[in-house]
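**Student:** Dropping a prediction and its sequence here:
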Amino acid sequence: MAQTELGNKIDRWLLKKGFRAEKPLSTLRLIEARRKATDPLGFLSSRGGAGSVTKASKWGSYVPRGTGYRMFEPGTFPELPAIIAAGEAIYKRHETELNKDVNKRYFFNLMSEEDVATYPVLIDFALSKPVTEIATGYFGHVPRLHSLGIFYSAVNDTVAGSQIFHVDGDCLAQLKCFINVWGVESGGGEFTFLNKQQTTEAMRRTGLLKTITDEIVAKSVPPENQVHVFGAAGSGVFCDTSRCLHQGSRARERPRLVFQFQYVSRPDALLQRKGKVGGGHVHVTPALIAGLKLSNPQASRFVS
């Protein structure tokens, strides 16, 4: 525990200094290299275990590493109707809380830890064999399910935070899944991104600093060549949000409701934080899934 706390202090210091010096990518690489050096056996184990997960799997190459994303339709996974129903139920359960104090008014989680047990289909799908095989195949090692939630975007006219084109700094590679609980059309705050090949190293650096404007992005990739995640309820996308420049939740005409979960690479660059910010994701831990009857017998491998 003391070693972990010391490591977090070092990483927090590195993150602060590196981002102030406008060298975010180098900083994340340094943090992940430090973590790899302090737990080499864990790192090697995650690499060595990938083969047993993806062997003979039809899902292992589902998300192309070259582009870093894959969109899917409502009929792709049999669990999608139940996921939509669970998302709707959670929305109705927490509808009176839409005006609560949250970190980001334009994109906040309604789901609680209690909801995970009440609607287990959500975490069961996130840890299902097809999804864990998709994530493992993309990373090339056994990744970790970090978080999940039912995220609501109210109608807004802002461009702030994650509404600005950016890449995520949780790790150098990750895989997020967005499933539309409500159908998304133009004006509904659709998730919008450039694929991995379109996202240059310079875009990743400025995206981490959130200093890249729509106009700068459009000069390299016009809006019509960007990927817009429209679609019916049950449609969605897997996307490497650490490698694909993206923005979302600019819900100008109608609100949006999505189920989102996030796989991160090992090691990651996430820092433990004290306190709980309103509207944040549900952090996935062994305690969270204890007692749940999950369909994947190997589910715990992706949580520890």
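**Tutor:** Done, it's in.

**Student:** For the nearest residue to residue 112 once chain neighbours are set aside, give its distance to residue 59.
**Tutor:** Among residues not flanking residue 112 along the chain, residue 282 sits closest, at 7.1 Å (CB to CB, 6 or more residues apart in numbering). Backbone N, C-alpha and C define where each C-beta goes, glycine included. Counting by CB to CB, to the nearest Å, the gap from residue 282 to residue 59 is 24 Å.

**Student:** The residue nearest to residue 112 reaches residue 113, doesn't it?
**Tutor:** Yes: Residue 282 is in contact with residue 113 according to CB atoms under 8 Å; the separation is 5.8 Å.

**Student:** quick one: which of those two has more around it?
**Tutor:** Set residue 282 next to residue 113 and count neighbours by other CB atoms under 10 Å: residue 282 wins out with 20 against 11.

**Student:** how about the helices in the stretch 1-150 of the chain?
**Tutor:** Along the stretch 1-150 of the chain, counting by DSSP state H, counting those that start in this stretch, helices occupy 2-20, 24-38, 40-48, 50-54, 80-94, 113-118, 121-126, 129-139.

**Student:** With mean pLDDT and distance to residue 291 added, can I get those helices in JSON lines?
**Tutor:** Listed next are the helices of the stretch 1-150 of the chain as JSON lines, based on pLDDT from 0 to 100; distance: least, CB to CB, whole Å:
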{"stretch": "helix 2-20", "mean pLDDT": "90", "distance to residue 291": "26"}
{"stretch": "helix 24-38", "mean pLDDT": "96", "distance to residue 291": "30"}
{"stretch": "helix 40-48", "mean pLDDT": "94", "distance to residue 291": "26"}
{"stretch": "helix 50-54", "mean pLDDT": "96", "distance to residue 291": "24"}
{"stretch": "helix 80-94", "mean pLDDT": "98", "distance to residue 291": "18"}
{"stretch": "helix 113-118", "mean pLDDT": "97", "distance to residue 291": "8"}
{"stretch": "helix 121-126", "mean pLDDT": "98", "distance to residue 291": "12"}
{"stretch": "helix 129-139", "mean pLDDT": "98", "distance to residue 291": "20"}
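
**Student:** Nearest to residue 64, out of the ones you listed?
**Tutor:** Checking the helices of the stretch 1-150 of the chain against residue 64 by CB to CB gives helix 129-139 as the closest, at 8.5 Å.

**Student:** Which strands or helices does the closest one pack on?
**Tutor:** Identification of packing neighbours for helix 129-139 by 3 or more CB pairs under 8 Å, 6 or more residues apart in numbering; DSSP states H and E yields helix 50-54, strand 174-180.

**Student:** Tell me what angle the longest one forms with helix 80-94.
**Tutor:** By that I understand strand 174-180. 80 degrees (axes from the mean of the first three to the mean of the last three CA atoms, to 10 degrees).

**Student:** List of residues touching stretch 124-131?
**Tutor:** With CB atoms under 8 Å, 6 or more residues apart in numbering as the test, stretch 124-131 has contacts from 59, 77, 79, 83, 145, 148, 177, 261, 284, 289, 292, 294-296, 298-299, 302-303.

**Student:** Around residue 296, count how many other residues there are.
**Tutor:** So residue 296, with other CB under 10 Å, has 18 neighbours.

**Student:** how near is it to residue 67?
**Tutor:** Where residue 67 is concerned, residue 296 sits at a distance of 27 Å (CB to CB).

**Student:** Then residue 109?
**Tutor:** Distance of residue 109 to residue 67, computed by CB to CB: 28 Å.

**Student:** who's more crowded, these two?
**Tutor:** The residue with more neighbours, out of residue 109 and residue 67, is residue 109; 24 against 16, by other CB under 10 Å.

**Student:** so that one makes contact with residue 281?
**Tutor:** Yes: under the criterion of CB under 8 Å, residue 109 makes contact with residue 281 at 5.4 Å.
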